[in-house]
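Undergrad: Provided below are the primary sequence and the corresponding predicted coordinates.
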Amino acid sequence: MSVLEVKDLQVELMTGTKVVRAVDGVSFHIDAGETVTIIGESGSGKSTTAMAILRLLPDDLAVISGEARIGGQNVTGDRKVIDKLRGRAVALIPQDPMTALNPIRTIGRQMTEAVRVKYPDLGKAEAKARALSLMEQVHIRDPKKQFDAYPHQLSGGMLQRVLIAMAVSADADLIVADEPTSALDVTVQAGILDLLLELQEQTGIALLLITHDLGVARLMSDRIHVMKSGVFVEGGAVTDVVDHPQHPYTQKLLGAIPELGPWEDPALAVPELAKEASHG
Amino acid sequence: MLTYVLKRIGQTVLTAFLATATVFVLLRMAPGDPAANYAPPNPTSEQLAAIREEFGLDQSIPVQFVTFLQHLFQGDVGTSFFFKRPALEVVMERLPYTITLAVAAIVVTAAVAIPLGVWMARRADTAKDLGANIATIAGQSMPDFWIGFVLLILFAVQLGWFEPAGFTSASSIVLPTVTIAILQIALISRLVRREMVVNLASPYLTVARSRGISERALTWRYAFGNSAIPVVTALGTRFAAMLNGVVIVEVVFKWPGVGELVVNALKQRDFPLIQATVLVTVVLALVVQLLVDLLYPLMDPRVRLGEASS
């Protein structure tokens, strides 16, 4: 049984007077230990797909149909199903770590709170010990000190590590990572991706990765689905999609990656352009 | 922190002084002669002059002001023309009544307005929210003296549940409290709703929901915790304003507080009593504001007192 099995998922978003079909019948699955990436441009519906699976879209703004089974349980119907799975069987790593934590409570209190969702019987000291060991696991320096810090006292990269620790605290079967590095500096991004790979190796967790970054997708994924205007235009093993793109959109996406090579500035060849540029 | 508190206390003293000085001058520039209120019927000009001399009103305003300041620095705010007793003493006798009424009103306001505002925010843009919205706009639009009279007629006169006026038993506080609270509940609940709607839609709340945090914890620990500063500020400001005398309500219900006192003092042109009332209530209001500000760092760790807010 797949950890996540999505069949003909549709999401309609109410925007004022219009109804937009943001996700138009996508199907895919993720097995244990696998990373599946949905890649696409802004507005392609990739994040909406992830948020719909987690049921984090407000009911009055989004109508979901089709099936999404997490550990065999369909979450697209009654909200009670996902309420029991969140923080236990499925966890989220959000896009922007800077706004993802409660600003008025310490990292430690939010960590122990997260730990206790899955293990409500843990005492205060036990929950703290587990929180500290999780923080160590995600390579947060001096976890004891950060435990008492407030979110605004930590850098974006450190906050993302805290959020990853919280996601890991659930001992979930599936982690949804929604653009986990796009709000971070390039140098920090690599560290976070390394950490995700390391954790996946240790725990065998399944990962649904949402990204617009082909480099990230190529590094992380087992399989890729290319999304455009609410539908998957292409999908398959990462090497197939990247090396032999079939769909023109995928070819365009790949073509958009700048390559390092000899730099030919048109301005050098056409003197008039150089003149114009210097006046502009 | 200590520097901040000292600075604020200095500001309080300065503000209280300026307010009292302004009132001192304005009272004496206003038309009407206090002496006429305290002389026997059909007084002779000698009798009036004698009273003016007794009250020190025969001096020029600057001279009176200097005398007033001299006494003030010795802790003497003046003697009430009407009561013939130290004005401060008279105010202090009435203050507990006003404080009691203000505390009762603010407690009732907070106890009703906060859950109501949260309830409205959680049902934002539904029919129930609209209904509550209309009710609060109605509450906001009714003048307090009118609410007071309606409550009086209904519950004191017709139903006879409460004494109509004055302070005769513990239940006397009910109608004035309700009268004040209706307007305050309308204002505060709408503020709570507005703040909660923003915080309930914030990213950290969605991420916490993804961690399986219960809706109750999300509402109170997350969204309300982050709405606390504006709500507590508003409650503090309202409370401070009530300490200045809930004048109209005190008059309607003949509540023996500072508000009722100051209305009578104005009628009788009892200058020292008015000055004492202004001084006491201004200081109290500023102290309440200071206490509210000192709560900020407890409500939000990002707030550092004495620094420019970022």
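TA: Structure's in. What do you need?
Undergrad: Which pLDDT value goes with whichever residue of the stretch 101-250 of chain B sits closest to chain A?
TA: Using Cβ to the nearest Cβ, the closest approach of the stretch 101-250 of chain B to chain A is made by residue B:212 at 2.3 Å. Every residue, glycine included, has its C-beta placed from N, CA and C. With respect to pLDDT, residue B:212 scores 92.
Undergrad: do the same with residue A:198
TA: 92.
Undergrad: One more: residue A:268?
TA: Per-residue pLDDT puts residue A:268 at 61.
Undergrad: which bits of chain B sit near chain A?
TA: By the rule Cβ under 8 Å from any Cβ of the partner chain, the part of chain B lying against chain A is B:125, B:202-204, B:206-213, B:217, B:221-222, B:225-226, B:299-302.
Undergrad: Please list only the buried members of those residues.
TA: Buried residues within these, counting neighbours by 16 or more other Cβ atoms under 10 Å in any protein chain shown: B:202, B:204, B:206-213, B:221-222, B:225-226, B:299-301.
Undergrad: Among these, which lie within strands?
TA: Counting by DSSP state E, no part of these is found in strands.
Undergrad: Near the residue of the stretch 1-150 of chain A found nearest chain B, how many other residues are there?
TA: The stretch 1-150 of chain A approaches chain B most closely through residue A:87 (2.3 Å), counting by Cβ to the nearest Cβ. Residue A:87: 27 surrounding residues under other Cβ atoms under 10 Å in any protein chain shown.
Undergrad: With adjacent residues omitted, what lies nearest to it?
TA: With sequence-adjacent residues excluded and distances taken as Cβ to Cβ, 6 or more residues apart in numbering or on different chains, residue A:87 is closest to residue B:212, at 2.3 Å.
Undergrad: give the contact list for the one you found.
TA: A:83, A:85-88, A:117-118, A:170 (Cβ atoms under 8 Å, 6 or more residues apart in numbering or on different chains).
Undergrad: Just name the closest of the residues you listed to residue B:129, please.
TA: residue A:83 (23.4 Å; Cβ to Cβ).
Undergrad: In terms of secondary structure, what does whichever strand or helix holds the closest one contact?
TA: Using DSSP states H and E, residue A:83 sits in helix A:79-85. Contacts defined by 3 or more Cβ pairs under 8 Å, 6 or more residues apart in numbering or on different chains; DSSP states H and E place helix A:79-85 against strand A:73-74.
Undergrad: Rounded mean pLDDT for the strand it packs on, please.
TA: In this model, strand A:73-74 carries a mean pLDDT of 94.
Undergrad: do the same with stretch B:134-143
TA: Stretch B:134-143 comes out at a mean pLDDT of 84.
Undergrad: got the buried residues for it?
TA: Result for stretch B:134-143 [16+ other Cβ under 10 Å]: buried residues B:136, B:139.
Undergrad: Any chance you could list what contacts that stretch?
TA: B:116, B:182-183, B:185-187, B:189-190.
Undergrad: What segments of the stretch 51-200 of chain B are helices?
TA: Taking DSSP state H, counting those that start in this stretch as the criterion, the stretch 51-200 of chain B carries its helices at B:61-73, B:87-122, B:127-141, B:144-151, B:174-200.
Undergrad: can you redo these as JSON lines with distance to residue A:178?
TA: As requested, the helices of the stretch 51-200 of chain B are arranged in JSON lines below (distance: least, Cβ to Cβ, whole Å):
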{"stretch": "helix B:61-73", "distance to residue A:178": "66"}
{"stretch": "helix B:87-122", "distance to residue A:178": "25"}
{"stretch": "helix B:127-141", "distance to residue A:178": "30"}
{"stretch": "helix B:144-151", "distance to residue A:178": "51"}
{"stretch": "helix B:174-200", "distance to residue A:178": "20"}
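Undergrad: what about the longest helix in chain A?
TA: helix A:186-203 (DSSP state H).
Undergrad: Output that helix as CSV - backbone C-alpha positions only.
TA: This file holds the C-alpha atoms of helix A:186-203, laid out as CSV (Å, rounded to 0.1, in the frame of the first residue of the first chain):
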residue,chain,number,x,y,z
VAL,A,186,21.1,29.9,-1.5
THR,A,187,23.8,28.9,1.0
VAL,A,188,21.3,27.9,3.6
GLN,A,189,19.2,26.0,1.0
ALA,A,190,21.8,23.3,0.4
GLY,A,191,22.1,22.6,4.2
ILE,A,192,18.3,22.1,4.5
LEU,A,193,18.2,19.8,1.5
ASP,A,194,21.0,17.8,2.9
LEU,A,195,19.2,17.5,6.1
LEU,A,196,16.0,16.3,4.4
LEU,A,197,18.0,13.6,2.5
GLU,A,198,19.7,12.6,5.7
LEU,A,199,16.5,12.3,7.7
GLN,A,200,14.8,10.3,4.9
GLU,A,201,17.7,7.9,4.9
GLN,A,202,17.4,7.5,8.7
THR,A,203,13.6,7.2,8.9
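Undergrad: okay, the angle between whichever helix or strand comes after that helix and helix A:186-203?
TA: For helix A:186-203, the following helix or strand on the C-terminal side (DSSP H and E) is strand A:206-211. If you take axes from the mean of the first three to the mean of the last three Cα atoms, to 10 degrees, strand A:206-211 sits at 160 degrees to helix A:186-203.
Undergrad: near chain B, anything from strand A:206-211?
TA: No - with Cβ under 8 Å from any Cβ as the criterion, chain B is not reached by strand A:206-211; the gap is at least 12.7 Å.
Undergrad: Can you list the strands that that strand pairs with?
TA: strand A:35-39 (parallel), strand A:174-178 (parallel) (DSSP bridges).
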